[in-house]
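>>> I'd like to go over a predicted model; first the sequence, then the structure.
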Amino acid sequence: MTKTIFRNTFLVGMLVLAICTLMFFGLQYTQTIDETYDALRQETSYAVTGMELSGVEFLEGLDDSSRVTWIDRDGSVLYDSEGSLSTDQSSYAEVAEAFEDGEGKETRKSDISGRQAMYYARLLDDGTVLRLGRPVAAVMEALIAVSPVLWVFVLVLIISGVLAFRAAKQIVTPINDIDLESHASIPYPELAPLLDKIEEQKMMIQEEAGQREEMRREFSANVTHELKTPLTSISGFAELMATGDVSPDKVTEFSKDIYKESQRLISLINDIIKLSRLDEEADLPPKKDMDLHELLLRVADDLKPVAGRNNIFIDVKGEEVHINGVDQLLYEMVYNLCDNAIKYNYPGGKVIMETLTDEKSTRLIVEDTGIGIPPEHQKRVFERFYRVDRSHSQEIGGTGLGLSIVKHGAMYHDAEVSMESTPGKGTRITIIFPKKDVEK
Ligand code: ADP
């Protein structure tokens, strides 16, 4: 910021200086040109008088600061101090003007030197014309040499540099000294809205951090509780078996229970790991082009044994549709939805999975003819560890994390999840993927 202020202030200073200098030189130049013409006019008068008294020899005796040309009535050269006697001079503007009106002047390129020169011509009594010329460069050189402006230029350059630096420092230092905690000293009233915004943002960040911390604490407490239940059962069964006076029948039964509880522990830990990875958005494979329809077929295939055991029929509809997504994550999401649709279904029920696409979005639908979710639970089932019927869910091996994974996975894909459910009739969950390339 200091640099920008310094640069801009300095540039403005330089620009003003350049404009002033140009104007000064412009004015000086026109003034000097006028003065030079006056001097030329006077010199000419002097030369004319001299010629009238002592003829052309007078011209030869003049110093060589000006070029002197004496031109006859027909334009031919009678005398030229630079010795060029060739061309017809009457075509030059100042000469033509002099023949016509008695005097003439012009600034143009000299034929001899090729440099810019000023000419003044006067008609004499005998009808001839006397012309004096002087190079313009000489005028400029004289102008620059005498002018103190160059020194002023250097001085102003230094002064404006120092001032710009000080101005930049003076503006920036109080901003850097602002105490964001107390807001006590606002150096400029214009900064108040910005500081308010910073304060607002700070509060929001603190609030969000607080909420996150609260959620994390709640989640840890829930995790501990959820892990403790199966472990307590396992420990209990093992303790009983360790006494040695458990009948072989009971040993088999307890072993089955221990196996079931440990499977639950493994599912829980797997789901917790998946959720943490989603929370951190870490270690997730990159999004790639993939076919959602093929994914539905894969999940249906993998869950067919489970569905068969419950006498449930899985139907996959729709056709090839591509999105940009993480295959592994989408597999988890669809697996959880289809698994729920089987778990919370009636024997002989149906699960329909479908993909639909139009120009705005691509939708993935998992629908069942199962027990449904009462309206008051519909929002909450996406919360971690939330179950409508806790014991039923635990009985059938649910972790209460499946729909949380679906929700977070959808968020990772910028997709939305919507649910329609009627108790006793069934549930329909739709994941809506936006089409990014569609202009909104
Ligand atoms: P769970 O592991 O318990 O199935 P989820 O997060 O997958 O956990 O689901 C949360 C709760 O939502 C479930 O316990 C169940 O009560 C309810 N639920 C989920 N899907 C369905 C469905 N298709 N039909 C009826 N209830 C469902």
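Received it, and whenever you're ready, just let me know what you need.
>>> residue 277 and the ligand, how far apart?
Per Cβ to the nearest ligand atom, to the nearest Å, residue 277 is found 17 Å from the ligand. Glycine gets a C-beta too; all of them are placed from N, C-alpha and C.
>>> for that residue, report the pLDDT, please.
pLDDT, residue 277: 86.
>>> again with residue 86
So residue 86 comes in at 65 (pLDDT).
>>> run through the stretch 301-440 of the chain and note the low-pLDDT ranges.
Scanning the stretch 301-440 of the chain with the threshold set as pLDDT under 70 gives 436-440.
>>> 90 instead, please
319, 358-359, 389-399, 435-440 (pLDDT under 90).
>>> and for the residue in the stretch 151-300 of the chain positioned nearest to the ligand, the neighbour number?
Relative to the ligand, the nearest point of the stretch 151-300 of the chain is residue 271 (7.9 Å; Cβ to the nearest ligand atom). Close neighbours of residue 271, defined as other Cβ atoms under 10 Å, add up to 22.
>>> any idea how far residue 253 is from residue 418?
Applying Cβ to Cβ, to the nearest Å, the value for residue 253 to residue 418 is 44 Å.
>>> wait, I meant residue 95
97 Å.
>>> higher neighbour count, the two?
More crowded of residue 95 and residue 418, by other Cβ under 10 Å: residue 95, with 22 against 11.
>>> residue contacts, the more buried one?
With contacts defined as Cβ atoms under 8 Å, 6 or more residues apart in numbering, residue 95 is in contact with 71, 75, 89, 104, 121, 129, 131.
>>> do residue 286 as well
residue 326.
>>> can you classify it by secondary structure?
Following DSSP: H, G, I helix; E, B strand; the rest coil, residue 286 is assigned to coil.
>>> can you pull the residues of the stretch 201-350 of the chain lying near the ligand?
336, 340, 341, 344 (Cβ under 6 Å from any ligand atom).
>>> tally of neighbours for the second one?
To tie it back to what came earlier, the one meant is residue 340. 24.
>>> do the last one as well
The burial metric for residue 344, expressed as a neighbour count using other Cβ under 10 Å, is 22.
>>> count the neighbours of the residue of the stretch 1-150 of the chain found nearest the ligand for me.
Distance from the ligand to each residue of the stretch 1-150 of the chain (Cβ to the nearest ligand atom) is smallest for residue 1, at 51.2 Å. Using other Cβ under 10 Å, residue 1 has 10 other residues around it.
>>> contact partners for it?
Counted by Cβ under 8 Å, 6+ apart, residue 1 has contacts 168, 172, 175.
>>> now stretch 47-67: buried residues?
Buried residues in stretch 47-67, defined by neighbour count with 16 or more other Cβ atoms under 10 Å: 47, 48, 51, 58, 59, 66, 67.
>>> show residues contacting whatever helix or strand the fifth one lives in.
Assigned by DSSP states H and E, residue 59 belongs to helix 57-60. The contact list for helix 57-60 (Cβ under 8 Å, 6+ apart) reads 47, 50, 51, 68, 70, 79, 81.
>>> show me these that map onto helices.
Within the contacts of helix 57-60, residues falling in helices by DSSP state H are 47, 50, 51.
>>> and of the residues you listed, the nearest to residue 192?
The closest of those to residue 192 turns out to be residue 47 (Cβ to Cβ; 77.6 Å).
>>> just confirm that closest one contacts residue 131, I think it does.
No - the criterion here is Cβ atoms under 8 Å, and residue 47 misses it with residue 131 at 9.9 Å.
>>> list phi and psi for residue 120.
Main-chain dihedrals, residue 120, degrees, to the nearest 10: phi -130, psi 130.
>>> likewise residue 285?
phi -60, psi 160.
>>> contacts only, for it.
Neighbour list for residue 285: 326, 327, 328, 329 [criterion: Cβ under 8 Å, 6+ apart].
>>> of those residues, grab the buried ones for ChimeraX.
To isolate the buried members of those in ChimeraX, using 16+ other Cβ under 10 Å:
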select :326,329
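>>> got the contacts of residue 285 as TSV, with secondary structure columns?
Formatted as TSV, the contacts of residue 285 follow (three-state DSSP):
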residue	secondary structure
326	coil
327	helix
328	helix
329	helix
